[in-house]
Every structure is written in structure tokens, then in C-alpha cells.
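> have a look; sequence and predicted model below, questions after that.
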Amino acid sequence: MSSTEMNSSKTLLSLSHVSRHFDNGPEKLQILDDVNLDITKGETVAIIGPSGSGKSTLLYLMGLLDRPSVGSVTFDGQSLEKATDRQRSKLRNADFGFIYQFHHLLPEFTAFENVLMPALIGGKSNKESKARAIELLDKVGLSHRHDHYPAELSGGEQQRVAVARALLNQPKLLLADEPTGNLDAASADKVFDLFTEMVKESDAAVIVVTHNPELAAKCDKIYRIESGKLFKAEKVAKKASKKAAKKAPAKKAPAKKTATKKTTKKAKA
């Protein structure tokens, strides 16, 4: 197998010359402009940028929730240009996991039932799926909350249920929109550890849209989107580490011993 073939077999998601615009009367509102991006199996990727730059639109396109105006999207070697809505929906349920900025839990179902929902929709609510739902709730620190309804959970707990739900089907691609925005530092670290564990276990990929530079710095690659254009932003991680270095207390240099005039005279005597 050639190196080109090996690289293409490792590519999970590919966007080629993707643009997205919306018609606003006689004018055209350009949201994304000629975006090219390859996501490789086994990596974590952060996408950062100011509000209104096109991050959410890009996330919807990568998650097959929208179609590009121009360009093509390929997932795991399969071109989706001619895929029907039904085919795209089936693929999303089987191979994609979504974590939104707001949890979107179903209020009439318990935490356990919400986590199990992707399996229920996919028609595979078996013992294995139920055992995995319990395991994931335990991993996000909610072993004591299985039977609680969303209204009985705090905002952070609701978000952790959403994280567990996204991981239930062991997705090939996890898309997360500000996944740690409602979490404290300890819970945020636990969630990111879950992401990296999933990547290692199943050779999956994680794409995180975030405003958090510390979360972005933990990812393998960082991209910045501005005015619909996507750029690689490797320096962000370095800046974050420099800030951390500034916060760390500086080590004091040992004081030099200087001889006084009196000790010098005594030494001569």
C-alpha cells in the first residue's frame, strides 16, 4: 500500500472546497468560504473563533445536519454528495455522537433512559447497551443519579448525562459544541479524559468547538475560523502554555555570599 493510500485510509472526515451561503432577498449571505479540512482517525481537533464566525455552521456540515452550497463532504471513504436524508440520518445515528452547548435532554425520561436513547432509536436496546449506559454514567460521576429526571439534576449534571449519551454507540466521530461550558474544572477534565479514552479505544476522532483556550490546547490540532475562512492555529497551544508558565511561581535564585570587610581582615590576620 502506497503512503497516499495509507493516509486516505486514516482520513475519517474530509471537507473539500466547502462553502455555505444563505439567500437573504437579493443578497447572498456567505457563512463559510472555501473550507478544506481532513480529520484523521485517532485525533482530537479543536475549532476556535469569535461568535458569528461560522463555527456552528461548520459543525452542522461536519455532522451531516446540513449540506454545503458548494464543495463535498466525505465520511470514512464514502462521498455524501448524493446521499438521501434517510441515509444521512442512519449514518448519524450509527457513527456520530453529538454534544451540544445545551444538553437537550428529554424531560420525561430518566438520566439512564436519556443515555440509552441512541440505542433505542437504533433498535438495539439490548443488555450490552444498557450495561454501557450504566458504565458511562458511572464514568461521568453520576452513579447515584441513574433514576433521576433532568429537572432533578443540576446544569452540570445534565451536561454530563449528555456527554454519556453521545458516547453510548461508540461513535467513529464525536462532535462537541462547548462541551465543558457548564462544568467545573474537575468535571471538565473528566469529560476530556473520556474523549481521549474513546479515541484510543476505537480509533475514533473528536472535534471540539470551543472558546476555551485551555481545552483547545489539550487537542492534537487547533483550527481557527474567521469570517468563514478556516486556518490552522498551532500557536494557540504555545500561547496557552506560556500563560501557564507566567502563572507558575518563579524559583528564587540562591543568594550569593559576600564577604564583609571584617571577615576579610580576620582572614588576613
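Yep, that arrived. Numbering: from 1, shown residues only.

> residues contacting residue 169?
Residue 169 makes contacts with 93, 94, 95, 97, 118, 119, 122, as judged by C-beta atoms under 8 Å, 6 or more residues apart in numbering. Placement of C-beta: from N, CA and C, glycine included.

> try it again at 7 Å.
The contact partners of residue 169, by C-beta atoms under 7 Å, 6 or more residues apart in numbering, come to 94, 97, 118, 119, 122.

> and it, backbone torsions?
Main-chain dihedrals, residue 169, degrees, to the nearest 10: phi -80, psi 10.

> quick check, pLDDT for it.
On pLDDT, residue 169 comes in at 85.

> can you flag the buried ones in the contacts of residue 169?
Among the contacts of residue 169, the ones that count as buried by 16 or more other C-beta atoms under 10 Å are 97, 118, 119.

> from those residues, which land in helices?
Residues of the buried ones among the contacts of residue 169 located in helices (DSSP state H): 118, 119.

> which of the buried ones among the contacts of residue 169 sits closest to residue 188?
Distance to residue 188 across the buried ones among the contacts of residue 169 (C-beta to C-beta) is lowest for residue 97, with 17.6 Å.

> so the closest one sits against residue 164, correct?
No: taking C-beta atoms under 7 Å as the definition, residue 97 is not a contact partner of residue 164, at 10.2 Å.

> how near is the nearest residue to residue 49 once chain neighbours are set aside to residue 185?
The spatially closest residue to residue 49, leaving aside those adjacent along the chain, is residue 225, at 3.9 Å (C-beta to C-beta, 6 or more residues apart in numbering). From residue 225 over to residue 185 the distance is 26 Å, taken as C-beta to C-beta, to the nearest Å.

> and these two? Which one has more around it.
Per other C-beta atoms under 10 Å, whichever of residue 225 and residue 185 has more neighbours is residue 225, with 21 against 9.

> shouldn't that one be in contact with residue 47?
Yes: applying C-beta under 7 Å, one finds residue 225 in contact with residue 47, separated by 6.2 Å.

> wait, a helix at residue 156?
Yes: counting by DSSP: H, G, I helix; E, B strand; the rest coil, one finds residue 156 located in a helix.

> surely residue 32 meets residue 17?
No: using C-beta under 7 Å, residue 32 is not in contact with residue 17, being 10.5 Å away.

> pop out the phi and psi values for residue 40.
phi -100, psi 150.

> now the strands for the stretch 101-250 of the chain?
173-177, 205-209, 221-226, 229-232 (DSSP state E, counting those that start in this stretch).

> do I have it right that residue 208 meets residue 178?
No: using C-beta under 7 Å, residue 208 makes no contact with residue 178, being 8.4 Å away.

> the more surrounded of the two?
The neighbour count for residue 208 versus residue 178, taken as other C-beta under 10 Å, is higher for residue 208 (26 against 18).

> quick one, grab the pLDDT at that one.
With respect to pLDDT, residue 208 has a value of 91.
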